[in-house]
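Chemist: Dropping a prediction and its sequence here:
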Amino acid sequence: MSTLFKKTLTAATLALIAGTASAASVDLLFVNNSGELELDTSYTDTAGRQLESFGYATGALQFENRAGASFYAFCVELAQDYASTRRGFQTYSEGSFSAGENKLLQGLFATSFSNSLNASQQAAFQTAVWEITHETAGNPLNVAAGQGAFFVQGLGGATVAEQNAFVASVNGYLQAAASYNGPDLYTITKLSNADYQDLLTVSAVPEPGSLAMIMAGLGVIGFTARRRRQA
């Protein structure tokens, strides 16, 4: 696994979020697709139209921002492709997911994300993101064939046993996400582009101790400023 993937929730992503927290958009350049597994899926939208996709590489996507910080993101949409590197920087609008999606995504990252996910696990994690963002309300979180609005039809070059194991892995991630009742550990951001794949990025929320240290530091700065004004 590339070293850059290990920075997904550390310095690189924090640089992206910190640099754009007060902005409405961010410019990103596609660098590489880490996906190695070819996935076949089926999705029925709210209008009853069935979208079947076959043989597309599934995993995390590597990007960099104008400051040169590299990070990975996960796809949100099923029908649109990401912009190739030769198309240069593309502008994405910052947004958020629905409250229900955000809760499940918080649970997904808190329980199943790791800096050491292999190619198959990255693909399973990405598939879990699609299930959370595309499954029809009221349907169980299950990507087995024929289950709900979105499901896995097959895995390129895999045996039936391997496909079943992949589906079981995705469903395991989803069950853990749905059962999670802990605190929000991440800031989850949706980056949207009308022409290219919408993206999901996250940054770690500071731990209480770290936040306390930051607040203490700000207090010292404020106290010093007041002393200077009084002088």
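Modeler: That came through fine.

Chemist: Going by neighbour count, which residues in stretch 112-125 are buried?
Modeler: Using 16 or more other Cβ atoms under 10 Å as the test for burial, stretch 112-125 gives 112-113, 117, 119-125. Glycine gets a C-beta too; all of them are placed from N, C-alpha and C.

Chemist: I'd like the residues you listed laid out as CSV, including pLDDT, secondary structure and distance to E131.
Modeler: Formatted as CSV, the buried residues of stretch 112-125 follow (pLDDT from 0 to 100; DSSP: H, G, I helix; E, B strand; the rest coil; distance: Cβ to Cβ, whole Å):
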residue, pLDDT, secondary structure, distance to E131
S112, 95, helix, 13
F113, 92, coil, 15
L117, 88, coil, 17
A119, 88, helix, 19
S120, 90, helix, 16
Q121, 92, helix, 15
Q122, 92, helix, 15
A123, 93, helix, 13
A124, 95, helix, 10
F125, 96, helix, 11
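
Chemist: JSON lines please, covering those residues and showing distance to A79.
Modeler: Output for the buried residues of stretch 112-125, formatted as JSON lines (distance: Cβ to Cβ, whole Å):
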{"residue": "S112", "distance to A79": "25"}
{"residue": "F113", "distance to A79": "25"}
{"residue": "L117", "distance to A79": "25"}
{"residue": "A119", "distance to A79": "23"}
{"residue": "S120", "distance to A79": "24"}
{"residue": "Q121", "distance to A79": "25"}
{"residue": "Q122", "distance to A79": "21"}
{"residue": "A123", "distance to A79": "18"}
{"residue": "A124", "distance to A79": "21"}
{"residue": "F125", "distance to A79": "20"}
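
Chemist: where exactly do the helices run in the protein?
Modeler: Taking DSSP state H as the criterion, the chain carries its helices at 11-20, 99-112, 119-134, 160-179, 208-230.

Chemist: neighbours around F54, how many?
Modeler: By other Cβ atoms under 10 Å, the residues close to F54 number 12.

Chemist: how near is it to A119?
Modeler: 19 Å (Cβ to Cβ, to the nearest Å).

Chemist: same question, T46
Modeler: Noted for T46: a distance of 32 Å to A119, by Cβ to Cβ.

Chemist: what does W130 give?
Modeler: W130 sits at a distance of 17 Å from A119 (criterion: Cβ to Cβ).

Chemist: How about Q50?
Modeler: The gap separating Q50 from A119 is 28 Å, by Cβ to Cβ.

Chemist: can you check L108 too?
Modeler: 18 Å.

Chemist: Nearest spatial neighbour of H134, chain-adjacent residues omitted?
Modeler: Counting by Cβ to Cβ, 6 or more residues apart in numbering, F150 is the residue found nearest to H134 once chain neighbours are left out, at 4.3 Å.

Chemist: do the same with F113
Modeler: F113's closest residue in space is F125 (Cβ to Cβ, 6+ apart), at 6.8 Å.

Chemist: measure that neighbour to G88 for me?
Modeler: On the measure of Cβ to Cβ, F125 and G88 end up 28 Å apart.

Chemist: I'd assumed V152 was in contact with A158.
Modeler: No: the pair A158 / V152 is not scored as a contact, 10.7 Å apart, by Cβ atoms under 8 Å.

Chemist: So which of these two has more stuff around it?
Modeler: The residue with more neighbours, out of A158 and V152, is V152; 24 against 16, by other Cβ under 10 Å.

Chemist: Just give the number of residues close to S192.
Modeler: Neighbour count for S192, taken as other Cβ under 10 Å: 15.
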